[in-house]
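[1] model the structure of this input:
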Amino acid sequence: MRPTVGSQPQGDELQELVAKVAVGDHDAYRTLYRAVVGRVFGIVRRVLRDEAQAEEVAQEVMLDVWRTAARYRPERGEVIPWVLTMAHHRAVDRVRFARAAAARDERAAAKAHVTAFDEVVEEVENRLERERVRHCLRGLTDLQRQSLTLAYYGGRTCQEVADQLGSPLSTVKTRMRDGLVRLRDCLGVGADDLP
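    Numbering: from 1, shown residues only. Now for the predicted structure:
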C-alpha cells in the first residue's frame, strides 16, 4: 500500500498515464498505482480509522481508477484530486453503510427483545387466568364442577356427561347452565363477553 521511494510522476505525466490506462495499458496502470496508492490509502484511513478496512477500500478505489480512467477529463482538474475525491467518496460510503447496518442490527435486536418480552407477559397472563378459573371452579357444587369439567376439559357432549354421571340429560344441562352462570359471576365476565 505504501508509495515507492523515488521520482513520482506529476501533472502532465499523470494525465498521460491515465490516458494510457483508459485504453488498457497495464504498465501505465502499475506506474499510476504506485504514484497514487499511498495518498489514497492515507485519505481513506483518516476517514475509516481502521487499517484493514482502509486497505480494502483503497483497493476498491484503485479498481475504480482502472475502470473509469476513460471518464477522466483533464480540463476538469488534475489526476490526484480526481483520484482522492473518488477515495473520499468511497470511504464516506463505507462509513454510512456501516452505520446503517449497525442501526438495522439494533432495530432487529430491539424487535426480537420485545417479542420475547411479549411472550413472557402472555404466559404470565395465561397462568393468572387459569388460576382464576380454578378458584371459581372450587366455588361450584361438586355436581356442577363434574359436569363442566367433563364437558369442557374432557371434550364430552352433554349426553356423554349424563351417561357417565348416571343422571338425566336435562339435569346435566341444568347443572352446566347454573355452573356457567356462577363462573361468569365469579370471573366478572358480562353476558355480552361470553361466546
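
[2] can you count the residues close to the residue nearest to Val172 when sequence neighbours are not counted?
    Distance criterion C-beta to C-beta, 6 or more residues apart in numbering; nearest residue to Val172, sequence neighbours excluded, is Ala162 at 4.3 Å. C-beta here means a position set from N, CA and C on the backbone, and glycine is covered the same way. Number of residues near Ala162 (other C-beta atoms under 10 Å) recorded here: 20.

[3] wait, doesn't Ala162 sit right on Thr171?
    Yes. Using C-beta atoms under 8 Å, Ala162 is in contact with Thr171, at 7.5 Å.

[4] thinking again about what came up before, for the residue nearest to Val172, helix, strand, or coil?
    helix (DSSP: H, G, I helix; E, B strand; the rest coil).

[5] for the residue of the chain most remote from its centre, which non-adjacent residue is spatially closest?
    The outermost residue of the chain relative to its centre, with distances by C-alpha atoms, centre = their mean, is Pro168 at 60.6 Å. Leaving aside its sequence neighbours, Pro168 sits nearest to Ala162 (C-beta to C-beta, 6+ apart; 6.5 Å).

[6] can you pull the contacts of the one you found?
    Shown in contact with Ala162 (C-beta atoms under 8 Å, 6 or more residues apart in numbering): Pro168, Leu169, Thr171, Val172.

[7] next one: Cys136
    Counting by C-beta under 8 Å, 6+ apart, Cys136 touches Arg182, Leu183, Cys186, Leu187.

[8] give me the neighbour count for the second one.
    Taking other C-beta under 10 Å as the neighbour definition, Leu183 ends up with a count of 20.

[9] for the remainder of this discussion, apply numbering that starts at 28.
    That works, and once the first residue is 28, the last one we named lands at Leu210.

[10] pretty sure it sits against Arg165.
    No. If you go by C-beta under 8 Å, Leu210 and Arg165 don't touch, sitting 11.0 Å apart.

[11] contact partners of the helix or strand encompassing Gln173?
    For Gln173, the enclosing helix or strand under DSSP states H and E is helix 169-175. With contacts defined as C-beta under 8 Å, 6+ apart, helix 169-175 is touched by 164-165, 167, 188, 192, 194, 199, 202-203, 205-207, 209-210.

[12] what mean pLDDT does the strand or helix carrying Val199 get?
    Element membership for Val199 (DSSP H and E) is helix 196-214. With pLDDT averaged residue by residue, helix 196-214 scores 91.

[13] tell me what that helix is packed against?
    Under the contact criterion of 3 or more C-beta pairs under 8 Å, 6 or more residues apart in numbering; DSSP states H and E, helix 196-214 touches helix 106-165, helix 169-175, helix 185-192.

[14] can you put those helices in a markdown table and add distance to Tyr99?
    Listed next are those as a markdown table, based on distance: least, C-beta to C-beta, whole Å:
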| stretch | distance to Tyr99 |
| --- | --- |
| helix 106-165 | 6 |
| helix 169-175 | 86 |
| helix 185-192 | 89 |
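
[15] winner for burial among those helices?
    Neighbour counts (mean count of other C-beta atoms under 10 Å) averaged over each of the helices and strands packed on helix 196-214 peak at helix 169-175, with a mean of 19.
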